[in-house]
Every structure is written in structure tokens, then in C-alpha cells.
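Participant: generate a structure from the sequence data that follows.
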Amino acid sequence: MIKTTSKSKEEHLSEITILLIDDSHIMRGLQTKILHSMGLEYILCAEHGKEALTVLEKSNYKIDFILCDHNMPVMSGLEFLKTIKTIAEGTHIPVIMCSANGGKNVDKALNLGAADYITKPFTSDEFKSVILKHTYNPEKII
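Facilitator: Model prediction:
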């Protein structure tokens, strides 16, 4: 059976929780500002993959979407992606990889289970589009 939701995209965005993983404080701040302007209220942040795994483990929120930088110290985006796809709680969360360098990184990330890839710099419209693409489904099969 298909159940249709009456939630608008804006209502949907205000209810989801996003985890941002980026070693750049400036990028995390900019991304958070963009997300707030879209109506998102639940935004968690981590500086690298290892910290993100701790956030996932200890968070009281159900994380709906992860935006993960590719190049980070301690644990890279690809290492994080490999790890999260082996954890039961992480297998269902869409992970969108992002980097200023596309190319081979895109193929590697998609082969490891990334739901999508976005290249920096991206516009707020591109950011919103990729979030909705992977989280908003007005018709759910139940």
C-alpha cells in the first residue's frame, strides 16, 4: 500500500537531523548557516570521521542524512564511509560525500556506498536538492 504524506518539503526539512563532517571550521559554519536558512533545526557536527562515529553512537537523535568531507585528518571521508556501512545503525543513512576535487574520488565513494557526491563549492539550491533527493519521499510504501 502507498501512503501519501501531506508534509511540504519545508516541513520535512524542519524535522530531519543532519550530521555534517568536515575538518574545516569555516565550512561547517557555512554549511550550518545554509541549513538553518532552509529551515533545518537539527544539525550535528564533527571534525573528522572518528568523531562522527562517536556522535552517531552517543546521539539521542535519529540521524537522517550525513554530509561528509572527503579529505580529513584522523579518519578520512572514505574510511568513515567504509566503517559506517558495516554498522547496523549506519547502513540506512544516506551519506553524501563532498570535496573540492571530484574525479576518482567520486567513483571510490559511490563504490563504497555513498548515496551521492557533491563538489565544493556548491550553492544552497544544490545542497537543498541533494538533501531532498535522499530524504523526502511524499509517497511511502507501507
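Participant: quick one: Leu132 from His36, how far?
Facilitator: 16 Å (Cβ to Cβ, to the nearest Å). Glycine gets a C-beta too; all of them are placed from N, C-alpha and C.
Participant: looking at those two, which has the bigger crowd around it?
Facilitator: Between Leu132 and His36, counting by other Cβ atoms under 10 Å, Leu132 is the more crowded of the two (16 against 11).
Participant: is it correct that the more buried one is in contact with Lys7?
Facilitator: No - in this structure, Leu132 is not within contact of Lys7 by Cβ atoms under 8 Å, at 11.8 Å.
Participant: which residues of this structure fall in helices?
Facilitator: 9-15, 25-37, 49-58, 77-84, 104-111, 124-135 (DSSP state H).
Participant: beta-bridge partners for the residue nearest in space to the middle of the chain, please?
Facilitator: The chain has Ile66 as the residue nearest its centroid, 2.0 Å off, counting by Cα atoms, centre = their mean. When assigned by DSSP bridges, Ile66 has beta-bridge partners Leu19, Val95.
Participant: show the pLDDT at it.
Facilitator: Looking at Ile66, its pLDDT is 95.
Participant: residues in contact with it?
Facilitator: Contacts for Ile66 (Cβ atoms under 8 Å, 6 or more residues apart in numbering) come out as 18-19, 21, 52, 84, 93-96.
Participant: now tabulate these in CSV and tack on distance to Pro73, pLDDT and neighbour count.
Facilitator: Listed next are the contacts of Ile66 as CSV, based on distance: Cβ to Cβ, whole Å; pLDDT from 0 to 100; neighbours: other Cβ atoms under 10 Å:
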residue, distance to Pro73, pLDDT, neighbour count
Ile18, 22, 95, 23
Leu19, 18, 96, 22
Ile21, 12, 95, 27
Ala52, 13, 94, 28
Ile84, 18, 91, 21
Ile93, 23, 91, 20
Pro94, 24, 94, 17
Val95, 19, 94, 25
Ile96, 20, 93, 20
